[in-house]
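Peer 1: I would like to see how this sequence folds:
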Amino acid sequence: MMFKYTTGAIAALAIGTFAAGGAFAQDTVKIGLIISMTGQQASTGKQVKAGVDLYMKEHGDMVAGKKIQVILRDSGSVPDNTKRLAQELIVNDKVNVIAGFEITPAALVVAPLATEAKVVEVVMAAGTSIITEKSPYIVRTSFTVPQSCVIIADWAAKNKIKKVVTIVSDYAPGFDAEKSFTERFKAAGGTVAEAIRVPLANPDFSPFLQRAADAKPDAIFIFVPSGQGGSFMKQFAERGLDKAGIKLIGPGDVTDDDLLPGMGDAAIGTVTAHFYSADHNSAMNKAYVAAFEKANHFRPGFMSVGGYDGMNLIYSALKKTGGKADGDSLIAAMKGMKWESPRGPISIDPDTRDIIQNIYIRKVEKKNGQLYNVEFETFKDVKDPVKAAMKK
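Peer 2: Now for the predicted structure:
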């Protein structure tokens, strides 16, 4: 049957449900999880789902007297699919929360639906700064791209990197990465010799890497979405840039733990700023990595903790509301919430509903025969720099 509901119709149905005390008064809290299990962002979806599953395995499916039901939908890495699936989940399945969203376009197309239906949207993966501004019902447990990019810009400027070429994917997070890094790096006296944007879908990095090499920079700043780092690193090595004395820096997407073990020695020495490493030295993370690898037979990446912490946020909010699962009650409970994550201490900014977290400077090193992002410097309680600057 073809789905023809408008967002207005969703709102009317949702409001009717509230008034009748329908799904929201029942004993089951439904979470619609929309992620890519197939397509270009499948590695992200796999990580998010594994994080969600592990949290529920450890904490059960009952909270505040309510049974938790996760309804998984595969977007196939197509944002238009995400919108249709969200509509179906809200209207047909009467979900209380929609979650997931592997890339920014997926998170953004659902924002108007979340607003009109008054359903909380938990962004577990996408990282563009503007996302939480698009609906008062959006909250984020992943990251914002500028959080890492300004930190790596500061580090580069202080570590004798004076001339950089930027290479970013040609979509909103790439623009965020390029802008936040460039502004901070230039303000510290650095020079950006060339700014290169590459296609988001199935990019061939080779010609762009050659352009970068021709500019003879001290370093290449790279941003690609989680899942493309392996392809980039392979072509970086094929071009011999790893042996040409050109450093590789950026946010941690390029050395995602999910793909890092297969990248080869060309990745050694890459310095990134990011919020999570499987090598993070805390008792909680060591337990998390052990449980995750036992359950999945692969290493947790940064997207996994977005799913794991997203579920913790939902469970904790339900405890706080005594099981009330309407959007207004849940989002109010989520604002300002703080807890310890495998990544370190995190909280939800009560003003922006974005995550506040530590950002770590890491270098790829070989430990016990495997590649890891080894943290060596910590920047505590980093807010989204874009929104912080707007407040000044």
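Peer 1: tell me who's in contact with residue 82.
Peer 2: With contacts defined as C-beta atoms under 8 Å, 6 or more residues apart in numbering, the neighbours of residue 82 are 34, 75, 101, 106, 109, 110. (Each C-beta comes from the backbone N, C-alpha and C, glycine too.)
Peer 1: for it, phi and psi?
Peer 2: Main-chain dihedrals, residue 82, degrees, to the nearest 10: phi -60, psi -40.
Peer 1: what pLDDT does it get?
Peer 2: Residue 82 is assigned a pLDDT of 96 by the prediction.
Peer 1: show me the residue at the heart of this protein, geometrically.
Peer 2: Nearest to the mean C-alpha position of the chain, by C-alpha atoms, centre = their mean, lies residue 125 at 2.9 Å.
Peer 1: just to revisit the earlier point, so which of the contacts of residue 82 are in helices?
Peer 2: Within the contacts of residue 82, residues falling in helices by DSSP state H are 106, 109, 110.
Peer 1: circling back to that earlier point, out of the contacts of residue 82, which is nearest to residue 366?
Peer 2: Nearest to residue 366 among those is residue 101, at 33.9 Å by C-beta to C-beta.
Peer 1: the closest one and residue 123 touch, don't they?
Peer 2: Yes - with contact defined as C-beta atoms under 8 Å, residue 101 reaches residue 123; the gap is 5.1 Å.
Peer 1: anything in contact with each of the two?
Peer 2: Common neighbours of residue 101 and residue 123 (C-beta under 8 Å, 6+ apart) are residue 107.
Peer 1: which one's more surrounded, these two?
Peer 2: Each of residue 101 and residue 123 has its neighbours counted (other C-beta atoms under 10 Å); residue 101 has more, 34 against 31.
Peer 1: check contacts around the spatially closest residue to the more buried one that is not a sequence neighbour.
Peer 2: Leaving aside its sequence neighbours, residue 101 sits nearest to residue 107 (C-beta to C-beta, 6 or more residues apart in numbering; 4.0 Å). By C-beta under 8 Å, 6+ apart, residue 107 lies in contact with 101, 121, 123, 126, 128, 131, 138.
Peer 1: how is this structure partitioned into domains?
Peer 2: Residue ranges for the domains of the chain, per automatic domain parsing: 2-143+283-353, 146-274+358-391.
Peer 1: which one of those has the lowest average pLDDT?
Peer 2: Looking at the domains of the chain, the bottom one is domain 2-143+283-353 with a mean of 90.
Peer 1: neighbours around the spatially closest residue to the residue nearest to the centre of the chain that is not a sequence neighbour, how many?
Peer 2: Closest residue to residue 125 apart from its sequence neighbours, by C-beta to C-beta, 6+ apart: residue 102 at 4.6 Å. For residue 102, the neighbour count with other C-beta under 10 Å is 34.
Peer 1: surely residue 102 touches residue 77?
Peer 2: Yes - using C-beta under 8 Å, residue 102 is in contact with residue 77, at 7.3 Å.
Peer 1: intersection of neighbour lists for these two?
Peer 2: Residues touching both residue 102 and residue 77 (C-beta under 8 Å, 6+ apart): 36, 41.
Peer 1: got the CA positions of the biggest helix by length in the chain in PDB?
Peer 2: For the chain, the helix that runs over the most residues, judged by DSSP H, is helix 302-321. What follows is helix 302-321, C-alpha atoms only, in PDB (Å, rounded to 0.1, in the frame of the first residue of the first chain):
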ATOM      1  CA  PHE A 302      33.100   5.500  17.500                       C
ATOM      2  CA  MET A 303      29.600   5.000  15.900                       C
ATOM      3  CA  SER A 304      29.000   2.100  18.300                       C
ATOM      4  CA  VAL A 305      29.100   4.300  21.400                       C
ATOM      5  CA  GLY A 306      26.600   6.700  19.700                       C
ATOM      6  CA  GLY A 307      24.100   3.800  19.700                       C
ATOM      7  CA  TYR A 308      25.100   2.500  23.200                       C
ATOM      8  CA  ASP A 309      24.900   6.000  24.800                       C
ATOM      9  CA  GLY A 310      21.700   6.700  22.900                       C
ATOM     10  CA  MET A 311      20.000   3.800  24.600                       C
ATOM     11  CA  ASN A 312      21.400   4.900  28.000                       C
ATOM     12  CA  LEU A 313      19.900   8.300  27.400                       C
ATOM     13  CA  ILE A 314      16.500   6.900  26.600                       C
ATOM     14  CA  TYR A 315      16.500   4.400  29.500                       C
ATOM     15  CA  SER A 316      17.700   7.100  32.000                       C
ATOM     16  CA  ALA A 317      15.100   9.600  30.700                       C
ATOM     17  CA  LEU A 318      12.300   7.000  31.200                       C
ATOM     18  CA  LYS A 319      13.500   6.400  34.800                       C
ATOM     19  CA  LYS A 320      13.400  10.100  35.400                       C
ATOM     20  CA  THR A 321       9.900  10.500  34.000                       C
END
